[in-house]
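1. 3D, please:
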Amino acid sequence: MNIYFSGSIYGGRQKLDSYKKLVQKLAKFGTVLDPEVADDDVLVQEESSSDNDIFESLVDRLSQADLVFAEVTVPSLGVGYEIGYADSHNKRIICIYDESVTPKITTMFRGNNRLKIIPYTDLNNIINNLENILKEEN
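-> Numbering: from 1, shown residues only. Purely as a prediction, here's the structure:
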């Protein structure tokens, strides 16, 4: 399974430790197409590429994905765009968010019955149940 992991980069890196844990665990279930989202130095790495090259690379990886797994606690235009793109291309999408930080996510996600949305207060609950979460249909 090809997994596209989506998490905030420019919107804020408050959940970076969670991204690291999730990418590491997701890699046990398939190929994570964009592990750099969980890299401490992703912003520095992006400086050596043009915006267009990064965009084209991300769209290419999104097109290869069987699943988009998004941590959406930190609002991010890029994450929203990726989810919208994936949705318009009939990709399976799972969104998780820390409801102790963000009690309610956008209606655009909540109202879309094609998205599987899972709130959590302890990331370990997601990590420990990831196999079942990935098996479930939306």
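2. what are the ranges of the strands in this structure?
-> In order along the chain, the chain carries the following strands (DSSP state E): 2-6, 31-32, 67-71, 92-98, 115-120.
3. does anything pack onto the longest one? Which helices or strands?
-> Same thing as strand 92-98. With contacts taken as 3 or more Cβ pairs under 8 Å, 6 or more residues apart in numbering; DSSP states H and E, strand 92-98 sits against strand 67-71, helix 77-88, strand 115-120. Where C-beta positions appear, they are placed from N, C-alpha and C, glycine not excepted.
4. note down every partner strand of the first one and its orientation.
-> Spelled out, it's strand 67-71. The strands that strand 67-71 pairs with in its sheet are strand 2-6 (parallel), strand 92-98 (parallel) (by DSSP bridges).
5. read off the pLDDT value for residue 119.
-> Note for residue 119: predicted pLDDT of 97.
6. which residues does residue 23 contact?
-> The neighbourhood of residue 23, defined by Cβ atoms under 8 Å, 6 or more residues apart in numbering, consists of 5, 32, 35, 37-38.
7. tell me the pLDDT at the spatially closest residue to residue 40 that is not a sequence neighbour?
-> Leaving aside its chain neighbours, residue 40 sits nearest to residue 16 (7.1 Å; criterion: Cβ to Cβ, 6 or more residues apart in numbering). Among the per-residue scores, residue 16 shows a pLDDT of 96.
8. just to check, residue 16 is in contact with residue 37?
-> No - look at residue 16 against residue 37 with Cβ atoms under 8 Å: they stay out of range, at 9.1 Å.
9. which one of those two has more residues nearby?
-> The residue with more neighbours, out of residue 16 and residue 37, is residue 37; 25 against 18, by other Cβ atoms under 10 Å.
10. CA atoms of stretch 37-50 as CSV?
-> Coordinates of each C-alpha in stretch 37-50 appear next as CSV, following Å, rounded to 0.1, in the frame of the first residue of the first chain:
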residue,chain,number,x,y,z
VAL,A,37,6.8,15.8,6.4
ALA,A,38,8.1,14.3,9.7
ASP,A,39,11.7,15.5,9.2
ASP,A,40,13.0,18.3,11.4
ASP,A,41,14.8,19.9,8.5
VAL,A,42,12.1,19.8,5.8
LEU,A,43,11.9,23.6,5.6
VAL,A,44,15.7,23.8,5.0
GLN,A,45,15.5,20.9,2.4
GLU,A,46,12.7,22.7,0.5
GLU,A,47,14.9,25.8,0.1
SER,A,48,17.0,24.0,-2.6
SER,A,49,13.9,23.3,-4.8
SER,A,50,11.5,25.5,-6.6
